[in-house]
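In: okay, predicted coordinates and the sequence, questions at the end:
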Amino acid sequence: GAGVSQTPSNKVTEKGKYVELRCDPISGHTALYWYRQSLGQGPEFLIYFQGTGAADDSGLPNDRFFAVRPEGSVSTLKIQRTERGDSAVYLCASSLRGDNEQFFGPGTRLTVL
Amino acid sequence: TQLLEQSPQFLSIQEGENLTVYCNSSSVFSSLQWYRQEPGEGPVLLVTVVTGGEVKKLKRLTFQFGDARKDSSLHITAAQPGDTGLYLCAGANDYKLSFGAGTTVTVRA
């Protein structure tokens, strides 16, 4: 079966622009997570969805970051007024439930010039 | 700030040699997980350890969890070039994973 997919695989934008990153989880997985992985670091938790609602958004660095999952499947991570420090790989993961094994997508590499 | 410290940061060895990667935490987690990540891909779960003192074997990989459940190690016997990758440990509390910075392992043929 299909794994977690993320689009685009690469995104280059200019400082100050708005970007949207998309995640398609494994079908039937109710839990979805976003992580950010900076160069030379491990993934850092951003937000956790259970169904349509954000159960924990404590990892979002500031109010420029927002994520939605309106129908409990696909999720979009939105970043406003991008800064050079936002450059990283953004990983999405899904799991059957919140306490199950997480399956990661290949990530979106975001570069802010 | 990473709650888990991994060492060494980089490791380069010859095919057939053994290697050990360490993960130390300042906190106790409900479980500890080891992942391998290859370039351009997301991390893939290798093993989950839960009980203090637990040892798990996966072919040539041996995972240990310390008695106090704050440290763990990954030992690879007779490493092969296919073992090359970034090895990450992660502490798990319910749904939340806290990752270390990883150890980049290169196995030369």
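Out: Perfect, I can see it now.
In: residues in a beta bridge with residue 76, which ones?
Out: Just going to use chain A. In this entry, residue A:76 is beta-bridged to residue A:22, residue A:68, by DSSP bridges.
In: was after chain B, sorry
Out: Beta-bridge partners, per DSSP bridges, of residue B:76: residue B:19, residue B:61.
In: next: residue B:23.
Out: Applying DSSP bridges, one finds that residue B:23 bridges with residue B:6, residue B:72.
In: spatially central, which residue of chain A would that be?
Out: Nearest to the mean C-alpha position of chain A, by C-alpha atoms, centre = their mean, lies residue A:34 at 3.5 Å.
In: pLDDT-wise, which helix or strand of chain A ranks last?
Out: Least confident helix or strand, chain A: strand A:53-56 with a mean of 94, by mean pLDDT, DSSP states H and E.
In: which strands or helices does that strand pack on?
Out: Counting contacts by 3 or more C-beta pairs under 8 Å, 6 or more residues apart in numbering or on different chains; DSSP states H and E, strand A:53-56 is packed against strand A:44-50. Any C-beta I mention is one placed from the backbone N, CA and C, and that applies to glycine too.
In: quick one: buried residues of stretch A:72-84?
Out: Going by neighbour count (16 or more other C-beta atoms under 10 Å in any protein chain shown), the buried part of stretch A:72-84 is A:73, A:75, A:77, A:79, A:82.
In: who's in contact with stretch B:59-66?
Out: Where contact means C-beta atoms under 8 Å, 6 or more residues apart in numbering or on different chains, the residues beyond stretch B:59-66 that reach it are B:32, B:34, B:46-47, B:49-57, B:71-80, B:83.
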